[in-house]
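Engineer: no FASTA, just this:
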């Protein structure tokens, strides 16, 4: 199993910004060679894919975050980021990262709370 540690969440007012980080255990997976995704989950709902970045650098964004969120990675640090701008109350959730389409265990996630 690949260890994932998410950080950077917090409480922010609507319109604000946060940058989430996902540190991936280097010995097993290189983020440069792996499609990585950021997901979010609110209580009572299924976890949903928010954004992903492929090994070739291609990106995908869920329509509600397109134009506001940016996924990127630092290959040297083996970290994946999610820059979140123009945050809305409906972005409130626990955010997780993981290898896209894998059965890898989930990390503890990081809570993002956007107040109106």
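Structural biologist: Perfect, thanks for sending it. This one's a predicted model, so the numbers in the text were calculated from it and none came from an experiment.
Engineer: what stretches of the protein score poorly on pLDDT?
Structural biologist: 26-27 (pLDDT under 70).
Engineer: which residue ranges of it form strands?
Structural biologist: If you assign secondary structure with DSSP state E, the strands in the chain sit at 4-7, 10-13, 18-24, 36-41, 48-53, 59-61, 69-74, 79-84, 93-99, 110-115.
Engineer: among these, which is nearest residue 30?
Structural biologist: Comparison of those against residue 30 by Cβ to Cβ identifies strand 18-24 as nearest, at 8.1 Å. C-betas here are computed from N, CA, C, even on glycine.
Engineer: picking up where we left off before, tabulate the strands of the chain (TSV), appending distance to residue 30 and mean neighbour count.
Structural biologist: Written out in TSV, the entries for the strands of the chain read as follows (distance: least, Cβ to Cβ, whole Å; neighbours: other Cβ atoms under 10 Å):
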stretch	distance to residue 30	mean neighbour count
strand 4-7	14	18
strand 10-13	29	13
strand 18-24	8	21
strand 36-41	10	22
strand 48-53	13	20
strand 59-61	18	15
strand 69-74	10	18
strand 79-84	11	22
strand 93-99	11	22
strand 110-115	22	17
